[in-house]
Structure formats: structure tokens, C-alpha cells
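Asks: Provided below are the primary sequence and the corresponding predicted coordinates.
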Amino acid sequence: MTTEHKATMSFSDGTPSVEFPILTGTIGPDVIDIRKLYGQAGKFTYDTGFLSTASCNSSITYIDGDKGQLLYRGYPIEQLAVHCDFLETCYLIYYGELPTPAQYQDFQSLVMHHTMVHEQMQFAVRGFRRDSHPMAILASLSGSMAAFYPDSLDINSPEQQDISFVRLIAKMPTLAAMAYKYSIGQPYMYPQNHLSYAGNFMHMMFATPCEKYEPNPVLERALDRILILHADHEQNASTSTVRLCGSSGTSPFSAIAAGVACLWGPAHGGANQACLEMLEEIQANGGLEKVGEFMERVKDKNSGARLMGFGHRVYKNFDPRAKLMQETCREVLAELGLENDPLFKLAMALEKIALEDDYFVQRKLYPNVDFYSGIVQRALGIPVNMFTCIFAVARTIGWVSQWKEMIVDPEYKIGRPRQLYTGLTERPVKPLESR
Ligand code: SDX
């Protein structure tokens with residue numbers, strides 16, 4: 001970070017003007033360092049939704065919303081999705097460099113030998129109703145890892161940071177698969193360490209003790225790419241939640257559980273489930289013939305209808321992940337002989353209309369990562385209510401890497417925003433009998 005220029009804030013209420021340093025990063029918008037504002041002017045900034053606020057400095061992921069650019073540690077997502085697998089991407093995001101073949105082999109062995117969870121976890125799952133949403137179970141199980149690994153509270157220990165990182169990316173697929181198996185009344189499948197990360201996840205999800213299961217390599221690669229595309233995304237809502245929760249010094253497992261809870265929302269990671277349910281509803285009510293009618297409802301604010309999988313706080317051109325997800329969608333549907341999948345055709349029709357319709361063009365609403373991911377996951381045999389769990393499994397690497405980056409940052413402080421108070425001024429309490 002460098003600072004060459006300054007910003008001066010002047011006030012019309014007689015408050016003396018204040019100068020702030022402008023900080024410049026390597027790429028992307030400069031920031032105005034306003035940390036001294038309250039001390040010098042007795043005022044806060046006001047930015048609900050953090051539309052213009054940089055909460056931290058980070059060297060992990062860069063997004064350019066106008067160019068539709070996404071870099072993990074400087075590498076374009078389009079190249080990582082083609083040349084790397086998810087474990088290489090995890091190594092890159094956490095350590096900052098792509099692994100050498102020897103480093104990759106050691107890392108793969110390390111992760112795949114931490115995939116089992118404590119046997120007691122099964123009793124935690126058993127406390128849930130069978131029809132519980134898997135995200136509710138995953139939020140609970142990921143947080144319960146803090147109970148199984150109390151040493152993780154030593155957050156300043158590099159050894160504890162690293163082993164928590166490995167445990168999280170190794171065990172989240174196991175926990176997600178347990179939530180799924182429990183919901184369908186099937187026995188849990190133990191991890192198979194000879195399989196790839198994605199292959200093992202598919203095995204734990206779809207295998208049964210009754211017959212041999214070998215993942216379809218095309219589908220295995222598709223799932224691996226879905227994980228890469230969802231791995232990290234700068235200071236999105238769930239990552240910001242992990243940072244704020246972790247800033248109190250709590251266990252990284254508790255902070256990740258908070259991230260899982262935040263990701264579940266339909267405005268965030270829950271959009272993939274909401275998007276597929278939207279497509280299924282349109283399909284059930286007439287399909288392609290009804291697309292125009294649905295889009296008119298979306299444009300009518302009173303209808304409450306939203307085009308799920310569209311729009312993004314940062315991407316105001318296109319989400320590079322959506323293009324890659326659409327390609328993956330085509331590959332998977334072709335592999336499964338589902339090129340004429342009605343929902344895929346419906347999604348393509350919705351996208352075409354949205355890209356030409358002024359309402360969406362003016363608001364810069366383009367497909368985001370969630371628009372096609374639901375169709376791919378459904379084709380892979382993943383049930384709709386598991387879509388956001390897949391997102392959480394992938395995003396765990398981003399969450400834990402951003403958590404670590406915060407913990408080792410010399411500027412690290414507990415996050416404590418302020419407010420604009422609009423409530424009542426002080427007033428006396430009347431005892432109950434006189435109210
Ligand atoms: C993810 O932040 C990240 O990086 C998130 C994520 C990640 O990897 O972590 O990329 C993952 O969460 C992707 C987004 C998934 N969510 C959805 O697909 C849900 C549908 N989209 C939205 O609800 C919305 O677009 C958001 C939440 C994604 C972004 O909302 P903003 O930036 O707060 O924008 P907004 O709600 O203020 O919308 C601006 C305008 C509004 O219209 P006007 O009031 O200006 O007339 O666009 C409209 C909105 O009504 N609008 C939509 C719309 N999204 C925005 N109208 C119809 N359909 C939509 N999907």
C-alpha cells in the first residue's frame with residue numbers, strides 16, 4: 001500500500017476540515033483512509049450495505065466488476081478452471097503460490113488423510129429431524145468442530161492455523177455428505193482416500209455399502225470446476241461475516257460456521273437453490289411460453305419476483321464464473337445425453353431476454369455464478385437443497401484463507417462498526433404500577 005495523495009473533507013457546519021491519506025493498492029480503486037475521522041471531526045461515515053467501504057486490505061482475490069475479471073492470487077479464474085484442480089486452487093489461495101508437483105502430492109496426501117470426522121459427530125447429526133435443511137446441519141456441524149479441536153482457539157499459533165485450514169477443507173465435504181445421507185435415511189459413506197477430492201465427495205454423496213461406485217470422470221471434473229469457481233470472492237457477505245466473527249479471537253471453526261449461516265441466504269449463496277426452484281416453477285406453469293409473463297412480473301416491483309441468479313453487487317458487466325458455469329453445464333448435459341434439458345433451454349431463454357431487455361440492461365443485471373450452477377448440480381444428481389452446501393464446501397478455502405490473512409495482519413483489530421442513532425432521547429422510567 002502506498003500513499004501519495006490526500007483527500008480533504010470540509011464541512012459546512014463549522015467543523016474544521018480534515019485531511020485523509022489516499023491509499024493505493026496494486027490494482028483497483030484507491031481507498032480514503034478515514035480511520036481518524038471520528039477522532040478529528042466527531043463524525044462517522046454512513047454506508048449501510050458497505051457499497052463504498054473497504055473493510056480490509058487483502059492480497060487473495062481481485063474482482064473488476066466492469067471488466068468481469070476475477071483473479072485468485074493474480075491468476076485469472078478462466079485459466080485456473082482449465083489448468084488446475086480444486087486442491088491446487090486451495091493451495092494457491094491459502095499459501096499464495098501454485099504448488100510444484102511434489103508440493104501438490106504432499107498437500108493432496110495431507111488433506112485426504114484428514115477427511116474423516118470424529119465418530120461422535122454422528123450423534124450430533126442424529127439430533128436433527130430428517131427433513132432439516134442440510135445448511136442448518138452443516139452450520140451446526142462445522143461449528144461443532146470447535147468442540148472437537150479446542151486447541152484451535154490458539155489462533156496465533158501458525159501450526160494451529162495450518163491444521164485448522166487442512167481440517168476444514170478436508171472435513172467439510174464429509175460433513176456435507178453426512179447431512180445429505182442423514183436426510184435420505186441412507187448410511188454414511190466413509191471417505192475414500194484413493195479418490196480425488198471431488199471424486200471422494202461424489203462417493204460420500206452417492207455410493208452405498210451395497211455396490212461399488214466409481215465417479216464418472218466427466219462429472220467428477222465438472223464438480224471440481226464448480227468448486228474452483230466458488231472458492232473465493234473478495235469481501236462478499238459470508239467472507240465479511242467470517243472476518244468480523246473471527247476478529248473477536250474465536251475458534252476458526254466458529255467463524256466458518258457463521259459464514260455458512262450467512263451464505264445460506266437467497267440473496268447470497270442460497271440463490272442457486274432459489275434459481276433452480278424459479279426455473280422449475282416457470283416450467284411447471286407453462287415453460288418457455290410463460291417466460292415473457294414471468295419477466296414482466298420481475299419488472300413489477302410490487303410482485304416481489306426476482307430473477308434469481310441475476311445481478312451482482314460488484315459485477316456490472318458479466319460474472320466470468322457464469323460463462324464458465326454455462327460451459328460446464330453444456331459439457332455435463334452432453335455427457336448425460338440431456339442436451340435438450342428443458343430447464344437449460346428455459347435458462348438460456350431467460351438469459352437472452354434479460355440481456356436484451358432495457359430493465360435489466362439499465363440496471364446492469366447479468367447472470368451470476370448461481371444462474372447455471374443449479375442446472376449443473378441437478379444434472380450431477382445433487383438435490384436442490386444441497387446446492388448451497390456445495391457452495392459452502394468450496395467457499396471454505398476462501399473463508400479460512402481470509403480469516404488467516406486477517407489474524408496475521410499487523411493492523412488486525414476486533415471489528416466494531418458504529419451507527420447513526422435515530423431512537424428516542426433519554427427519558428425517565430415509570431414504575432410498572434404507574435404506567
Ligand atoms: C452471490 O458478493 C458476492 O461476491 C456474492 C457472490 C460470491 O461469490 O460470494 O458472488 C455469490 O451471492 C451471487 C449473487 C446471488 N444472488 C442472487 O442471484 C439473488 C438475485 N440477485 C439480487 O437479489 C441482487 O442482484 C444482489 C443481491 C445480488 C445484488 O443486489 P444489490 O447490489 O444490492 O443491488 P440492488 O438489490 O440494489 O439492485 C439494484 C436494482 C434494483 O432496482 P431499482 O431499485 O434500482 O429499480 O436492480 C434490481 C433491484 O430491484 N435487481 C433485480 C435483481 N437484482 C437487482 N431485479 C430483478 N431481479 C434481480 N435478480
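Replies: Received it, and whenever you're ready, just let me know what you need. Residues are numbered from 1 along each chain as shown.
Asks: Between the two ends of stretch 425-435, how far is it?
Replies: With CA to CA, to the nearest Å as the measure, the ends of stretch 425-435 fall 19 Å from one another.
Asks: now that stretch: how far from the chain's centre is it?
Replies: Averaging C-alpha positions (CA atoms, centre = their mean, to the nearest Å) puts stretch 425-435 47 Å from its chain's average.
Asks: could you give me the average pLDDT of it?
Replies: Regarding stretch 425-435, the rounded mean pLDDT is 96.
Asks: Show residues contacting stretch 234-241.
Replies: By CB atoms under 8 Å, 6 or more residues apart in numbering, the list of residues contacting stretch 234-241 from outside reads 50, 54-56, 58, 60-63, 232-233, 243, 258-263, 265, 267-269, 314, 395, 398-399, 402. Where C-beta positions appear, they are placed from N, C-alpha and C, glycine not excepted.
Asks: Sort out which of the residues you listed are buried, if you could.
Replies: Neighbour counting with 16 or more other CB atoms under 10 Å marks 54, 56, 58, 60-63, 232-233, 243, 258-263, 268-269, 314, 395, 398-399, 402 as buried within these.
Asks: State the number of residues packed around whichever residue of the chain sits closest to the ligand.
Replies: Of all residues in the chain, the one sitting closest to the ligand is residue 311 (2.3 Å; CB to the nearest ligand atom). Here the number of neighbours of residue 311 (other CB atoms under 10 Å) works out to 21.
Asks: Find the nearest non-adjacent residue to it, please.
Replies: With CB to CB, 6 or more residues apart in numbering as the criterion, residue 311 has its nearest non-adjacent residue at 4.4 Å, and that residue is residue 365.
Asks: need the contact list for the one you found.
Replies: Here residue 365 is in contact with 307, 310-311, 354 (CB under 8 Å, 6+ apart).
Asks: List the ones among those residues that fall in helices.
Replies: residue 354 (DSSP state H).
Asks: element containing residue 71?
Replies: Using DSSP states H and E, residue 71 falls within strand 69-72.
Asks: For the helix or strand that that strand is followed by, which strands pair with it and how are they oriented?
Replies: Downstream of strand 69-72, the first helix or strand assigned by DSSP H and E is strand 75-76. Strand 75-76 pairs in its sheet with strand 69-72 (antiparallel), by DSSP bridges.
Asks: avg pLDDT for the strand it pairs with?
Replies: Averaged over strand 69-72, pLDDT sits at 97.
Asks: Does the ligand have contacts with it?
Replies: No. Between strand 69-72 and the ligand, judged by CB under 6 Å from any ligand atom, nothing touches; the nearest distance is 9.0 Å.
Asks: just the helices in the stretch 151-300 of the chain please.
Replies: Counting by DSSP state H, counting those that start in this stretch, the segments of the stretch 151-300 of the chain that form helices are 158-183, 197-206, 217-229, 237-246, 252-263, 271-284, 291-299.
Asks: hang on, the residue of the chain closest to the ligand packs against residue 368?
Replies: Yes. The pair residue 311 / residue 368 is scored as a contact, 6.7 Å apart, by CB atoms under 8 Å.
Asks: on that earlier part again, ok, so of the contacts of residue 365, who is nearest residue 324?
Replies: Distance to residue 324, by CB to CB, is smallest for residue 310 among those, at 16.7 Å.
Asks: what sits against that closest one?
Replies: Per CB under 8 Å, 6+ apart, neighbours of residue 310: 354, 360, 365-368, 371.
Asks: Pick the one among those residues closest to residue 329.
Replies: Taking CB to CB as the measure, residue 329 lies nearest residue 371 of the contacts of residue 310, at 9.6 Å.
Asks: ok, the closest one - contacts?
Replies: Shown in contact with residue 371 (CB under 8 Å, 6+ apart): 275, 308-310, 322, 325, 347, 351.
Asks: Now tabulate the residues you listed in CSV and tack on pLDDT.
Replies: Shown next, in CSV, are these (pLDDT from 0 to 100):
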residue, pLDDT
275, 91
308, 91
309, 91
310, 90
322, 90
325, 91
347, 89
351, 87
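Asks: And the residues you listed, which two are furthest apart?
Replies: Farthest-apart pair in the contacts of residue 371 is 308 and 325; separation 14.3 Å (CB to CB).
Asks: For these two, work out which one has more neighbours and name it.
Replies: Neighbour comparison, residue 308 and residue 325: the larger count goes to residue 325, with 29 against 23 (by other CB under 10 Å).
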